[in-house]
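[1] Got a sequence here, can you build the structure:
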Amino acid sequence: MSDPAIRPSVERHVAWTRWIGPAVIVATGISMARWSWLKWPDAMIDYGMQLYLAWQLAEGKSLYTDITYAYGPLAPYVMALGFRFFGASLMTLVGINLAVLCLITVLLYWLMLKIGSRFSATIATLIFLTVFAFAQLLYYGNYNYVTPYETNATFGMMLCLASMVCLVRFVETRSMAAAAASSFILGCVFLTKPELFLANACALIGGMALLGWTNRSDRRHLPRTLLVSLVAFLIAPAVSVVLLAGTMSVNQAVLGTLGSWVYVLQHNASDIRFFRVLMGTDDVASNAWQMGVWSVAYGVVFVPSAFVCLNAKRTGSSNVRLGIDWHTASTGGILVGMLTLAFAAMLSRMMWGEIGRPLPLILLISIGFAVYFLRGRRSQTVAANEMIIRLIMLIFSLVLLLKMILAVHFHHYGFVLAMPAMLVFVTIVLDWIPGWIDSRKGGGNAFRAVGVGVLLFIVLHTLLITSSYFSGKREMVSQGRDRFWAGDRGLAVNITLDEIRKHVKADQTLVPVPEGVMINYLARRVCPIPYVNLNPPNFTFFGEERILASFREHSPDFILIAHKDTSEFGYQYFGRDYAVDLFEWIRTNYEGIALIGSMPHHDGRFGIRLMQRRDLINRF
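    Model (predicted):
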């Protein structure tokens with residue numbers, strides 16, 4: 001019998017250890033934020049759109065009518081509110097996004113706890129912070145959670161996770177309020193991005209269907225649950241239509257609320273090379289081969305590990321006081337050294353960016369096993385609920401990968417789309433497989449050690465890549481609360497801002513071509529046409545005739561042509577490979593007054609050309 005006097009101290013010790021993981025997570029988050037401070041956005045690409053939208057909406061312009069926008073209205077208007085309350089600045093959006101990041105981190109940790117242990121939840125959350133939240137894996141920034149290329153992506157992820165938390169509570173308690181809350185938040189996700197909504201909706205519907213399959217009582221209540229959920233889901237879109245209708249027609253308000261679904265339904269994304277490359281359907285055979293090769297690479301590491309660990313039977317050499325199985329520990333140490341080196345050797349000969357390719361297969365296999373185990377536990381409510389929660393996370397993660405199903409990667413859009421799948425993978429290798437090995441009297445801890453070694457290598461490799469990009473950011477762009485560090489293009493942006501202040505009056509207008517609205521925001525010069533991004537997809541969605549008509553109707557005082565190779569969309573240069581008629585109109589009506597760097601779209605070198613309308617030149 002244990003001494004009652006000892007029990008309170010043991011309980012205090014256990015309670016204290018629960019905070020070790022969260023403390024490490026907080027410390028890591030602060031360290032990553034400090035290391036990456038002011039190095040998040042790109043000087044020219046993408047994030048300027050988020051700043052410009054917030055600024056213009058805060059000034060009274062309307063989304064979809066005054067400014068074309070391809071996504072839902074939720075994030076831009078939240079950012080505009082931030083500008084109104086805290087002032088228009090980069091740091092205002094950074095503060096909002098850091099708050100969103102904190103919420104995402106908390107929600108992820110909670111969800112990972114529901115499908116794994118505290119150890120795996122801690123490691124998974126650390127992977128999120130180091131590999132996805134702050135890292136830079138491409139030349140262009142913006143694929144992070146502090147200055148994301150599209151704020152609706154990170155807002156949508158936060159809402160998805162909140163919806164998943166409510167769904168998990170519904171599975172555990174069968175609370176109708178939890179089901180309604182999950183569905184209401186799903187309605188808010190609808191106002192962000194389609195791929196996030198689709199993944200969240202599939203998880204919600206799949207979870208309810210699994211409950212009905214495993215429990216007869218839940219099956220009887222399913223129609224009522226679905227009705228309540230449908231009503232709750234419709235609230236946010238309905239409110240969006242009403243609010244938008246205050247500044248535009250009801251038809252425009254409905255189309256704005258639909259967001260990207262308008263373009264998804266009206267246009268075939270597979271016709272645009274960018275989306276085919278993103279999904280991997282541009283070369284199905286090659287991408288399927290790459291997925292197979294990487295799956296074999298993972299198998300070479302983990303299958304022998306599982307086999308050895310299954311046969312590493314526990315002996316009497318365990319230290320009861322410390323809870324250490326020395327035989328298992330020694331086996332794990334050898335495996336970690338050998339297999340981590342093998343994994344590192346494979347990575348040195350393979351493209352690092354392809355490391356996520358096997359994730360769809362891993363998730364599919366995991367779903368198959370989870371369904372198999374669920375069938376055997378349908379009469380055990382607690383065990384069935386635990387397996388349903390795992391399946392919900394697997395479904396959510398897999399559906400998110402559909403947009404890049406044959407070419408999964410952690411960089412680019414993968415910082416959002418592949419993130420949940422990677423975190424579930426962490427739980428698989430640190431909890432699910434080791435737990436299965438332990439249940440067969442094997443050495444589960446040895447397998448965990450292999451998993452930790454591989455994950456540690458991935459983190460270190462990510463940090464090295466990020467460090468190489470951060471070290472090249474030596475030019476401070478802009479000033480005050482808008483300042484940030486940039487790479488080699490930062491100097492060109494600063495010179496351009498000086499030229500704009502010299503030639504463009506505060507009330508004159510400026511259009512960036514094909515993109516570069518970051519300069520509009522930093523210079524506080526308005527774009528008079530609704531099309532602030534003129535990359536090839538927007539010409540597909542809106543048509544060149546419509547865009548050219550807008551230029552003619554609202555002829556800007558100045559045009560800024562920035563070099564941008566748009567080969568990823570199937571057309572290399574603006575004015576040569578697409579938008580030929582628009583470029584000819586610009587050449588006819590505008591004259592260059594400043595050139596920073598090389599002539600844009602002449603060769604591969606970067607440059608910016610500032611052009612003024614000819615009738616304004618003749619006026620002075």
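[2] Neighbours of residue 588, how many?
    8 (other C-beta atoms under 10 Å). Quick note: C-beta positions are derived from backbone N, CA and C, even for glycine.
[3] how much space is there between it and residue 185?
    51 Å (C-beta to C-beta, to the nearest Å).
[4] what do you get for residue 451?
    From residue 451 across to residue 185, the span is 32 Å (C-beta to C-beta).
[5] Could you do residue 481 as well?
    32 Å.
[6] Mind checking which of these two has more residues around it?
    Taking other C-beta under 10 Å, residue 481 and residue 185 do not tie; residue 185 has more neighbours (25 against 13).
[7] Doesn't that one belong to a helix?
    Yes. Using DSSP: H, G, I helix; E, B strand; the rest coil, the assignment for residue 185 is a helix.
[8] and it, what does it touch?
    Applying C-beta atoms under 8 Å, 6 or more residues apart in numbering, we find residue 185 in contact with 159, 162, 163, 166.
[9] Can you report phi and psi for residue 611?
    Residue 611 has phi and psi values of phi -120, psi 140 when expressed as degrees, to the nearest 10.
[10] so it sits right up against residue 562, yeah?
    No. In this structure residue 611 lies outside contact range of residue 562 using C-beta atoms under 8 Å: 11.6 Å.
[11] out of the two, which sits in the busier spot?
    Neighbours per residue, other C-beta under 10 Å: of residue 611 and residue 562, the larger number sits with residue 562, 27 against 22.
[12] Check the gap between the nearest residue to residue 174 once chain neighbours are set aside and residue 512 for me.
    Nearest residue to residue 174, sequence neighbours excluded (C-beta to C-beta, 6 or more residues apart in numbering): residue 218, at 7.1 Å. Relative to residue 512, residue 218 is positioned 55 Å away (C-beta to C-beta).
[13] Compare these two (neighbour count), which wins?
    When neighbours are counted by other C-beta under 10 Å, residue 218 and residue 512 differ, and residue 512 comes out ahead with 26 against 17.
[14] In a helix, residue 28, correct?
    Yes. Checked against three-state DSSP, residue 28 lies within a helix.
[15] In terms of pLDDT, where does it sit?
    You'll see residue 28 listed with a pLDDT of 96.
[16] ditto for residue 441
    Residue-level pLDDT assigned to residue 441 equals 84.
[17] any chance you could map the strands in the stretch 451-600 of the chain?
    Using DSSP state E, counting those that start in this stretch, the strands of the stretch 451-600 of the chain run over 475-477, 484-486, 510-513, 558-562, 590-597.
[18] List the contacts of the third one.
    Contacts of strand 510-513 with the rest of the structure, by C-beta under 8 Å, 6+ apart, involve 500, 504, 519-520, 523, 525-529, 532, 534, 551, 556-562, 574, 586.
[19] Find the residue at the geometric middle of the protein.
    Against the mean C-alpha coordinate of the chain, by C-alpha atoms, centre = their mean, the closest residue is residue 416 at 1.9 Å.
[20] name the element the closest residue to that one other than its chain neighbours belongs to?
    Nearest-residue entry for residue 416: residue 153, 4.8 Å, with adjacent residues in sequence omitted and distances by C-beta to C-beta, 6+ apart. Assigned by DSSP states H and E, residue 153 falls within helix 151-173.
[21] Flag every buried residue along that helix.
    151-171 (16 or more other C-beta atoms under 10 Å).
[22] Verify the stated contact: residue 458 with residue 355.
    Yes. Counting by C-beta under 8 Å, residue 458 touches residue 355, with 6.9 Å between them.
[23] what about the helices in the stretch 51-200 of the chain?
    Counting by DSSP state H, counting those that start in this stretch, the stretch 51-200 of the chain has helices at residues 74-86, 90-115, 118-127, 151-173, 176-189, 194-214.
[24] So what angle separates the directions of the third one and helix 90-115?
    Orientation note: helix 118-127 sits at an angle of 150 degrees relative to helix 90-115 (axes from the mean of the first three to the mean of the last three C-alpha atoms, to 10 degrees).
[25] Likewise for the first one?
    An angle of 130 degrees separates the directions of helix 74-86 and helix 90-115 when computed by the same axes, to 10 degrees.
[26] ok and helix 74-86 relative to helix 176-189, angle-wise?
    90 degrees.
[27] And the contacts of helix 74-86?
    Residues contacting helix 74-86 (C-beta under 8 Å, 6+ apart): 50, 53-55, 57-58, 63, 69, 89, 92-93, 95-96, 150-152, 155-156, 188, 191-192, 240.
[28] Buried subset of those as a ChimeraX selection?
    In ChimeraX syntax, the buried subset of the contacts of helix 74-86 is picked out as below (16+ other C-beta under 10 Å):
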select :50,53,54,55,57,58,63,69,89,92,93,96,150,151,152,155,156,188,191,192,240
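[29] Setting aside sequence neighbours, what's the nearest residue to residue 207?
    residue 392 (4.6 Å).
[30] Quick one: residues contacting that neighbour.
    When contacts are counted by C-beta under 8 Å, 6+ apart, residue 392 touches 164, 167, 168, 171, 203, 206, 207, 210.
[31] Mind doing that once more with 7 Å?
    164, 167, 203, 206, 207 (C-beta atoms under 7 Å, 6 or more residues apart in numbering).
[32] from the residues you listed, which two are the most distant?
    164 and 206 (11.5 Å; C-beta to C-beta).
[33] Distance check, the residue nearest to residue 174 against residue 228.
    14 Å.
[34] okay, now residue 18: neighbour count?
    Neighbours of residue 18 (other C-beta under 10 Å): 10.
[35] Output the below-cut-off pLDDT ranges for the chain.
    By pLDDT under 70, the weakly predicted segments of the chain are 1-16, 265-271, 312-353, 376-380, 618-620.
[36] Quickly list the domain ranges of it.
    7-468, 488-619 (automatic domain parsing).
[37] Next, format the ones you listed as a markdown table and append distance to residue 475.
    As requested, the domains of the chain are exported to a markdown table (distance: least, C-beta to C-beta, whole Å):
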| stretch | distance to residue 475 |
| --- | --- |
| domain 7-468 | 8 |
| domain 488-619 | 3 |
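[38] The ones you listed: which one's closest to residue 477?
    Closest among the domains of the chain, using C-beta to C-beta: domain 488-619, at 4.7 Å.
[39] How far off centre is the closest one?
    With C-alpha atoms, centre = their mean, to the nearest Å as the basis, domain 488-619 stands 29 Å off its chain's centre.
[40] Report the buried residues of stretch 135-145.
    The neighbour-count check on stretch 135-145 (16+ other C-beta under 10 Å) flags 135, 136, 137, 138, 140, 141, 142, 143, 144, 145 as buried.
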